[in-house]
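# Give me a model of this one.
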Amino acid sequence: MSSTSQEISLQVSLPRHVAIIMDGNGRWAKKQGLPRILGHRRGAEVAKKITIKSRELGIPYLTLFAFSKENWQRPREEVSALLSLLVEYLDSELPTMLEKEIRFKMIGDREDFPVEIQRKILEVEKKTAQFSQMTLVLALSYSGRAEILKAINDLIKEVQSGRLGKVEVTEALLRKYFYFPELPDPDLLIRTSGELRVSNFFLYQLAYTEFYFTDLLWPEFTEEEFIKALEVYKRRERRFGKVYEF
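Sure, this is the predicted structure:
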């Protein structure tokens, strides 16, 4: 089936929210005999292609797990290079976001970043805030456990301060204290590089998410592979714990 035919067949069953763990940049660079940062740079190029393809297909939300809270433990030189690449990515992709009408949001602990990077992230968020057809979410210094703990502690502080009365903690109430409360749970999670784990990503939100794993390293991931993952998702029967009788 051609790429165009595949895309047409997807329209009636697209996931509302696709999340991707972009794994394998360093291993790809090593295979090529290149510095790790060049693997991350190639990965950023792939991220742009998948973002644009998502916009073309009409996927409302795309979340890319770009930098985990644990990634701060990597060698200082690599972390510094990744931060520089992040700024470069935001600067270079802002025109595309404006042209394609893509809203940008960040989830994660902003305070972990230098002030100038926090300002850059906020700048891109503000300049794209008016768009509603698609939202690109970057998970930066993100931890699923930390997000849950943050929500619980913020909720406790609200009650202790008197801003919130004594209430039953419901799922809807807890979600209000997540990094991006209106972000729907992922329908599809894609992970590259052959790893079969979620690595502290969206621990609360993945309860009924469909998973797609591929051995391809992230720099090898193509738009065709992305459409293949969407086709696999399309064939899944999502019951959410229910039983359907035929």
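
# after the longest helix that the chain contains comes which helix or strand?
Longest helix in the chain by number of residues, with DSSP state H as the criterion: helix 76-100. Remark: after helix 76-100, the chain's next helix or strand is strand 102-107, criterion DSSP states H and E.

# Show me what that next one packs onto, helices and strands only.
helix 76-100, helix 115-127, strand 134-142 (3 or more CB pairs under 8 Å, 6 or more residues apart in numbering; DSSP states H and E). For every residue, glycine as well, the C-beta is placed using N, CA and C.

# Quick check: bridge partners of the spatially most central residue of the chain?
Centroid-nearest residue in the chain: residue 63, 2.1 Å away (criterion: CA atoms, centre = their mean). Beta-bridge partners for residue 63, by DSSP bridges, are residue 19, residue 137.

# Now do the contacts for it.
Shown in contact with residue 63 (CB atoms under 8 Å, 6 or more residues apart in numbering): 17-20, 107, 137-139, 183, 186, 202.

# just residue 152 next, same as before
By CB under 8 Å, 6+ apart, the contact list for residue 152 reads 174, 177.

# before we move on, what SS does it have?
helix (DSSP: H, G, I helix; E, B strand; the rest coil).

# Count the residues that sit near residue 32.
By other CB atoms under 10 Å, 12 other residues sit near residue 32.

# how far away is it from residue 184?
37 Å (CB to CB, to the nearest Å).

# Same question for residue 153.
The value you get for residue 153 to residue 184, if CB to CB is used, is 24 Å.

# ok, now residue 89?
Separation of residue 89 from residue 184 (CB to CB): 25 Å.

# Who has more neighbours out of these two?
residue 89 (19 against 12).

# That one contacts residue 46, correct?
No - between residue 89 and residue 46 there is no contact under CB atoms under 8 Å: 11.8 Å.
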